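1. what follows is a predicted structure for the sequence shown.
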Amino acid sequence: MKARLTESFLSKLDSSVRWTGIPARVADEMSDAPSVDRKHRPLRWMPIWPIVFSCALLVLSFNWQSLFVVSLAGIIPGFLPVIHILGPLGRPSYEDDEREAALRRASFLFCFGLVACLNFAGQPILMILSHLQSWPLGRVVSVAISALILNVTLFGTLPTLYASWNSRQLPND
């Protein structure tokens with residue numbers, strides 16, 4: 001009798017929570033299924049493409065000293081706001097709950113730490129390479145601009161990439 005009363009009480013609590021609509025909203029927000037009113041979704045693969053193109057630009061700038069290639073690749077950072085706005089961090093931070101605030105903080109700290117380590121190691125290496133190989137001024141400028149484009153790309157895509165891979169996804173059911 002007591003187990004049946006507890007079961008009845010728990011089912012009434014479940015029904016009252018379902019009546020609010022919050023479980024359905026949370027399930028809709030965390031699922032992979034496209035929703036009409038949801039535009040902030042995990043982007044797990046789209047942020048990788050600008051990073052790949054920026055890295056390829058940096059590698060190409062080691063061999064070519066053409067600023068034309070670097071100027072064409074300058075459009076890569078133009079797509080970064082779109083990736084950020086469509087991603088899970090696209091909402092304003094004042095709308096975040098505790099979980100989203102912790103995810104936002106962790107993703108930006110990961111991004112800042114990784115970019116700082118890459119710059120800490122990469123800038124002296126580039127300086128030593130330019131000195132040892134006697135690069136002409138055109139190559140030094142193209143490498144510096146492509147490294148700047150890579151930094152901007154990493155700052156624009158890594159938080160979204162980190163947050164997308166760390167947000168748990170529910171099945172489409």
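-> Yes, it's here. Numbers count the residues shown, from 1 in each chain.
2. any idea of the pLDDT on the nearest residue to Ser142 once chain neighbours are set aside?
-> Among residues not flanking Ser142 along the chain, Ser61 sits closest, at 4.4 Å (CB to CB, 6 or more residues apart in numbering). The way it works is simple: take the backbone N, C-alpha and C, and place the C-beta from them, glycine included. Predicted confidence (pLDDT) for Ser61: 85.
3. how about Ser61, secondary structure?
-> helix (DSSP: H, G, I helix; E, B strand; the rest coil).
4. hmm, it is touching Gly138, no?
-> No. If you go by CB atoms under 8 Å, Ser61 and Gly138 don't touch, sitting 10.1 Å apart.
5. okay, these two: which has more neighbours?
-> For Ser61 and Gly138, the more surrounded residue by other CB atoms under 10 Å is Ser61, and the numbers stand at 25 against 12.
6. can you map out the helices along the chain?
-> 2-20, 22-30, 48-63, 67-72, 80-86, 98-132, 137-166 (DSSP state H).
7. got the angle for the third one vs helix 137-166?
-> Relative orientation of helix 48-63 with respect to helix 137-166: 160 degrees, computed using axes from the mean of the first three to the mean of the last three CA atoms, to 10 degrees.
8. can you pull the pLDDT of the closest residue to Ala147 other than its chain neighbours?
-> Of all residues not flanking Ala147 in the chain, Leu58 sits nearest, at 6.1 Å (CB to CB, 6+ apart). As predicted, Leu58 sits at a pLDDT of 86.
9. list the residues that contact Leu58.
-> Taking CB atoms under 8 Å, 6 or more residues apart in numbering, we find Leu58 in contact with Val143, Ser146, Ala147, Ile149, Leu150.
10. closest one of those residues to Val82?
-> Ile149 (16.6 Å; CB to CB).
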